[in-house]
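# below are the sequence and a predicted model for it; my questions follow.
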Amino acid sequence: MKKNTTFLLSGGAGRIITAIPALEKYARLNPDDDFKVLIHGWHDLYWSHPILQDRTFDINQKGSFELFVKNNNLVSPEPYHRWGYYNQELSLAEAFDEEINNTDDHSDLDKPNLYVSYDESRKMKANLKNIVEQQTKKEKIVVFQPYGSTATIENGCFTDTSGRSMYPEDYVKLASHLSEHVTVVYFGAPDIFEFSKDTYSFNPPGGDLRMYMALINECDYFVGCDSVGQHIARAFNKPGLIVMGSTFEKNVSYPDYFDFYRNNNVKVSYNPIRIGGVDSQLIDRKNDGAMKFDDNQLQEIFTIIGSKVEPKKQVKKSATNKNGKGFAN
């Protein structure tokens, strides 16, 4: 009996998105394999995808083992275990290509492709139009994801030991100044938004990733950290600035596409995630402070964003808000 393949994907939403090019390639190269994809959450990211939607299922659904695993060849791709990845020679997408397609030729690898439905797009257009016309009066829309999925609020204190998230006070300063020029829309956990007392950006209701996909698809510019938003922005060909901390552009992002900013005062070491236990914790300590920025650095970040979304005459202006306060105030 012919055995088809079942790919079991785990990890965060960003990993699920970066697996798309390799899965599309597998479909092209193996037209006779009626393969399936099982995902630990995030399966809705593949909705509307012309190749992957009908092949993708949630691993937690009843009967998934009997339906998709028992009579198939089970493959569990782990890009973090590739030599080229943990030595900063491969991106997540390329490492998935090696795991799924058993090749080191990535020349035919596409960007990740995501799809939103007509209704999702139409609803988001209407929401953003209302925000611009009724509240901000600023047509340019910047979506900002300052925090990664590991950021939390514990006992009234913000924490992200992974070193991938901005700190709320830095984000709020940037949102304050940006809101003078553009409409800023926050992308992230509502509890951190509330904790930061951010009154300068808009936190859209709902908060599911399908909604954020539609949001980024309609924006003019994306600003983010090493998290899922940057992968969505790349999928929809949106320009952006990625603020990097404890991870590496080559591994987790798109060096040939985005602009990047990092605190070069902190030397970053690779974290052997999914390989080392205590080593990962110790590396987090070595990378401490990689996402903390002083006022001069925040000014530099603001200037980069401004050069992309504002006329040149605006960029030459000092980064002051309507009260005349700069980052140092």
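Perfect, I can see it now. Numbers count the residues shown, from 1 in each chain.

# where along the stretch 1-150 of the chain do the helices fall?
13-18, 20-29, 64, 83-86, 92-101, 118-131 (DSSP state H, counting those that start in this stretch).

# need these in TSV with mean neighbour count, can you?
(Glycine included, C-beta is placed from N, CA and C.) Formatted as TSV, those follow (neighbours: other Cβ atoms under 10 Å):
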stretch	mean neighbour count
helix 13-18	24
helix 20-29	19
helix 64	17
helix 83-86	18
helix 92-101	24
helix 118-131	14
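
# pLDDT score for residue 320?
We have a pLDDT of 56 for residue 320.

# repeat for residue 247
Value for residue 247, per-residue pLDDT: 98.

# OK, contacts around the residue nearest to residue 235 when sequence neighbours are not counted?
In space, and not counting its chain neighbours, residue 235 is closest to residue 114: 4.0 Å by Cβ to Cβ, 6 or more residues apart in numbering. By Cβ atoms under 8 Å, 6 or more residues apart in numbering, residue 114 lies in contact with 17, 20, 45, 49, 213, 232, 235-236.

# for residue 114, give its distance to residue 276.
32 Å (Cβ to Cβ, to the nearest Å).

# and residue 23, by the same measure?
For residue 23, the distance to residue 276 - Cβ to Cβ - is 28 Å.

# follow-up on the earlier one: with respect to residue 143, which of the contacts of residue 114 is nearest?
residue 232 (9.1 Å; Cβ to Cβ).

# and the pLDDT for the closest one?
At residue 232, pLDDT is 98.

# sec struct for it, please.
helix (DSSP: H, G, I helix; E, B strand; the rest coil).

# with adjacent residues omitted, what lies nearest to it?
Counting by Cβ to Cβ, 6+ apart, the residue nearest residue 232 is residue 216, at 4.8 Å.

# the one you found against residue 233, yeah?
Yes - if you go by Cβ atoms under 8 Å, residue 216 and residue 233 touch, sitting 5.4 Å apart.

# please compute how far stretch 247-256 lies from its chain's middle.
12 Å (Cα atoms, centre = their mean, to the nearest Å).

# shaky segments in the stretch 201-329 of the chain?
By pLDDT under 70, the weakly predicted segments of the stretch 201-329 of the chain are 311-325, 328-329.

# now the helices for it?
Using DSSP H, counting those that start in this stretch, helices in the stretch 201-329 of the chain cover 209-218, 228-235, 249-252, 278-286, 295-309, 312-315.

# go through those and name the closest to residue 201.
helix 209-218 (12.3 Å).

# could you give the angle of that closest one to helix 118-131?
60 degrees (axes from the mean of the first three to the mean of the last three Cα atoms, to 10 degrees).

# by contact count, what packs against helix 209-218?
The helices and strands touching helix 209-218, judged by 3 or more Cβ pairs under 8 Å, 6 or more residues apart in numbering; DSSP states H and E, are helix 118-131, strand 141-145, helix 228-235.

# for residue 302, see how far away the spatially most central residue of the chain is.
Centroid-nearest residue in the chain, with Cα atoms, centre = their mean: residue 228, separated by 2.2 Å. Residue 228 is 24 Å from residue 302, where distance means Cβ to Cβ.

# before we move on, what about residue 130?
When residue 130 is compared with residue 302 (using Cβ to Cβ), they lie 27 Å apart.

# and if you look at residue 275?
Distance, residue 275 to residue 302, using Cβ to Cβ: 37 Å.

# which one of these two is surrounded by more residues?
Here residue 275 and residue 302 are set side by side on neighbour count (other Cβ atoms under 10 Å), and the busier one is residue 302, at 19 against 12.

# for the stretch 151-300 of the chain, which segments count as strands?
Here the stretch 151-300 of the chain has its strands, by DSSP state E, counting those that start in this stretch, at 152-154, 157-159, 183-186, 221-224, 240-244, 259-262.

# and those strands, which is most packed in?
Of all those, strand 221-224 has the most neighbours on average by mean count of other Cβ atoms under 10 Å, namely a mean of 26.

# can you give me how far that one is from the chain middle?
10 Å.

# tell me the strands beside that strand, with direction?
Strands that pair with strand 221-224, judged by DSSP bridges, come out as strand 141-145 (parallel), strand 240-244 (parallel).

# which residues touch it?
The contact list for strand 221-224 (Cβ under 8 Å, 6+ apart) reads 140-146, 174, 182, 187, 216, 229-230, 233, 238-243, 305, 308-309.

# pLDDT weak spots in the stretch 51-200 of the chain?
For the stretch 51-200 of the chain (pLDDT under 70), the answer is none.
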